[in-house]
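predicted structure and sequence below. I'll ask about it afterward.
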Protein chains: 2
Amino acid sequence: MQSSLKDRFYNYIQTLQDAICDALEAVDGKAQFREDPWVRPEGGGGRTRVIENGAVFEKGGVNISAVHGALPESMQAYFGVKDADFFACGLSLVLHPESPMIPTVHANWRYFEMYDKQGNIKDQWFGGGQDLTPYYLYEEDARHFHDTCKRACDAHHPGFYPRYKTACDTYFWNSHREEARGVGGLFFDYCKKDEEMGMDDWYAFVTTVGDSFLEAYLPIVDKRKSLPWGAREREWQEIRRGRYVEFNLVHDKGTLFGLKTNGRIESILMSLPPQVQWRYDHHPEKGSPEEKLVRVLQQPRDWS
Amino acid sequence: MQSSLKDRFYNYIQTLQDAICDALEAVDGKAQFREDPWVRPEGGGGRTRVIENGAVFEKGGVNISAVHGALPESMQAYFGVKDADFFACGLSLVLHPESPMIPTVHANWRYFEMYDKQGNIKDQWFGGGQDLTPYYLYEEDARHFHDTCKRACDAHHPGFYPRYKTACDTYFWNSHREEARGVGGLFFDYCKKDEEMGMDDWYAFVTTVGDSFLEAYLPIVDKRKSLPWGAREREWQEIRRGRYVEFNLVHDKGTLFGLKTNGRIESILMSLPPQVQWRYDHHPEKGSPEEKLVRVLQQPRDWS
């Protein structure tokens, strides 16, 4: 008998969490992930894995969770449903390297089911994506990341890369700064059965994207990790990390949703960078590499 | 002829901005405020004053603004009105001392008028308050701050201090952390004409509170500025500053309102601390002064 989609996907993210953590520890060479299993009183729980003060990764988390039960009231209002139960599972990761020459990366792959009180599935969908936030822009890195995203998409549908690349630029827009959080990647949500894609097709797509993550990110880490940097680069990185915090706390739906619905705070806020600065009215020097980055963030580009 | 309330209050905050900046520069002894005048395209503007890298103040802003014009749509929806014009002016300040032994302080005093399209005043009110955020708790400092707040309140109404002290604890509650931002002070809003208080009485009350600010804060700075501190205290301060950022970006109505209605971003975000840390799942040692602070923040106390 074929196991259910939710069991298959939950198995997938468990295996992927192991694969990603193993690969990141190998690249780091110094720090190891520490694991925090946690239980959600209303049903389910998670396995938070955090790395800190590594040779490459200053702070990062690669977390999975699978939660279920009565759909919280705020979510019932959000989805416009009543008396529903739900199941949600996903993998979320954010990595903040110490070196300003290595980009921060974020990824998330998730699956959601909603049920009536008799336990019948009333709705189900996948969501997720992966995106890159450099402090110094190496255009070949942005191209490599996007090319990898595009290959994963193209294996499933020629329209997916352009659609989800644009959705990523739109979603990660720090509107109060009028700039993107980073150089983007993919963002998709509410991936449901339609004329072209069944749920098994979506499963295949999302897992292809998940499988592409290490290939999209690790070559960039390898290329940049031995580049020299000093106080100037570090300061710029910490100031830009401030924008990352602003996006996550002001605009990111997942973060706000977690904070306002009694999610596990430390697992949600592991996304915040370890050391951050805010200067009043800071502007990079004209013609500097710092200014070059900002110009690209203000006007998202095609990278593939 | 008696000048209008809005002119009187705007004159008051201009004078108060000068008085506060002069006094803070004298205490700092090294850095001076730099002034950024700005204009709001839709009407009005402000005078932002920022101090950075002082001997006492690592970063701080003492800003005034007076803006007017058509009430923005988001505010019309918020107040449940249509086709209204408005005038709003106020002074906002946040000071982040370098020393972890000196508390951060925030204060704000503001006045709002709403008009119909014929220019008739349809509504008017004062708001504001002042509150203290220590990193190490000296109970006598919290008592001094609250005593000064209470004296300012008691000069106008015996019920004000208990009411506005409680409102402050409620407003500055970092709900996702289940702790207060600091040890509180006063918070009041929608102070309108009623049986007991006319608008001139509210003006007198709010300006008494404004006049009490330096008396409430400066003696604490003087007492704590020569205390020794090291890496441990600094680290704790930077972690706690992270909670300050979380409150301001996730919960503070004024900040979110400004960010979502095209306010002057740099004047709004001057409230964010200069250097901040986020650690995964950080907890102070049992029995330490750091833990003592957290226990008090989890259960707001009476200080007067």
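Arrived safely, thanks for sending. Residues are numbered from 1 along each chain as shown, chains lettered A, B, ... in the order given.

so how far is B:P100 from A:E235?
21 Å (C-beta to C-beta, to the nearest Å). To be clear about C-beta, it is placed using only N, CA and C from the backbone, and glycine gets the same treatment.

an error on my part: the question was meant for A:T255.
A:T255 sits 28 Å away from B:P100, going by C-beta to C-beta.

ok, the two, which is more surrounded?
Remark: of A:T255 and B:P100, B:P100 carries more neighbours, 23 against 20, as counted by other C-beta atoms under 10 Å in any protein chain shown.

so the more buried one is in which element?
In the assignment (DSSP states H and E), B:P100 maps to no helix and no strand.

pLDDT at the closest residue to it other than its chain neighbours, what is it?
Excluding its sequence neighbours, the residue lying closest to B:P100 (C-beta to C-beta, 6 or more residues apart in numbering or on different chains) is B:Q237, at 3.5 Å. pLDDT for B:Q237: 98.

cool, the one 10 residues further on as well?
Looking at B:F247, its pLDDT reads 97.

just give me the neighbour total for A:S74.
A:S74: 12 surrounding residues under other C-beta under 10 Å.

pull out the buried positions in the helix or strand hosting it.
Taking DSSP H and E as the definition, one finds A:S74 inside helix A:73-79. In terms of neighbour count (16 or more other C-beta atoms under 10 Å in any protein chain shown), helix A:73-79 has its buried residues at A:M75, A:Q76.

again with stretch A:90-105
Per 16+ other C-beta under 10 Å, stretch A:90-105 contains these buried residues: A:90-105.

can you check stretch A:186-202 too?
Buried residues in stretch A:186-202, counted by 16+ other C-beta under 10 Å: A:L186, A:F187, A:F188, A:C191, A:M197, A:M199, A:W202.

beta partners of the residue nearest to A:R110 when sequence neighbours are not counted?
Once flanking residues are discounted, A:R110 sits nearest to A:G90: 3.0 Å by C-beta to C-beta, 6+ apart. Per DSSP bridges, the residues bridged to A:G90 are A:S65, A:R110.

how far away is A:G90 from A:Y115?
Taking C-beta to C-beta, one finds A:G90 at 18 Å from A:Y115.

what does A:W278 give?
When distance is defined by C-beta to C-beta, A:W278 is 44 Å away from A:Y115.

those two - which one has more neighbours?
Remark: of A:W278 and A:Y115, A:W278 carries more neighbours, 24 against 18, as counted by other C-beta under 10 Å.

buried stuff in the helix or strand containing the residue nearest to B:P100?
Counting by DSSP H and E, the element that carries B:Q237 is helix B:231-246. Across helix B:231-246, burial judged by 16+ other C-beta under 10 Å covers B:233-234, B:236-246.

which residues touch it?
Helix B:231-246 has contacts (C-beta atoms under 8 Å, 6 or more residues apart in numbering or on different chains) with A:245, A:249, A:269, A:272, A:275-276, B:96, B:100-101, B:104, B:133, B:135-136, B:174, B:176-177, B:179, B:181, B:272-273, B:275-279, B:282, B:284, B:290, B:293.

what's the neighbour count on the residue nearest to A:G119 when sequence neighbours are not counted?
The spatially closest residue to A:G119, leaving aside those adjacent along the chain, is A:D85, at 7.3 Å (C-beta to C-beta, 6+ apart). A count of nearby residues for A:D85, using other C-beta under 10 Å, gives 17.

if I look at the closest residue to A:V296 other than its chain neighbours, how far off is chain B?
In this structure, A:V296 finds its nearest non-sequential neighbour in A:L137, 5.9 Å apart by C-beta to C-beta, 6+ apart. To chain B, A:L137 is 23 Å away according to C-beta to the nearest C-beta, to the nearest Å.

so what does A:L137 have for phi and psi?
Dihedral pair for A:L137: phi -90, psi 110, per degrees, to the nearest 10.

do stretch A:43-58 and chain B meet at all?
Yes: with C-beta under 8 Å from any C-beta of the partner chain as the criterion, chain B is reached by stretch A:43-58 at A:V50, A:E52.

now that stretch, how far from the chain's geometric center?
Relative to the chain's own centre, stretch A:43-58 is displaced by 14 Å; criterion: C-alpha atoms, centre = their mean, to the nearest Å.

next, the buried residues of it.
A:G44, A:G46, A:R47, A:T48, A:R49, A:V50, A:I51, A:E52, A:G54, A:V56, A:F57, A:E58.

what do you get for stretch A:213-225?
A:F213, A:L214, A:A216, A:Y217, A:L218, A:I220, A:V221, A:R224, A:K225.

repeat for stretch A:133-146
Those would be A:T133, A:P134, A:Y135, A:Y136, A:L137, A:Y138, A:D141, A:A142, A:H144, A:F145, A:H146, for stretch A:133-146 by 16+ other C-beta under 10 Å.

considering those residues, which is situated nearest to B:F79?
A:T133 (37.7 Å; C-beta to C-beta).

surely that closest one meets A:E179?
No: judged on C-beta atoms under 8 Å, A:T133 makes no contact with A:E179 at a distance of 11.4 Å.

what sits against A:L186?
The contact partners of A:L186, by C-beta under 8 Å, 6+ apart, come to A:128-131, A:149, A:152-153, A:161, A:164-165, A:167-168, A:209.

what segments of chain A are strands?
Assigned by DSSP state E, chain A shows strands spanning A:34-39, A:44-52, A:57-70, A:85-97, A:104-115, A:121-133, A:173-174, A:179-180, A:184-191, A:275-277.
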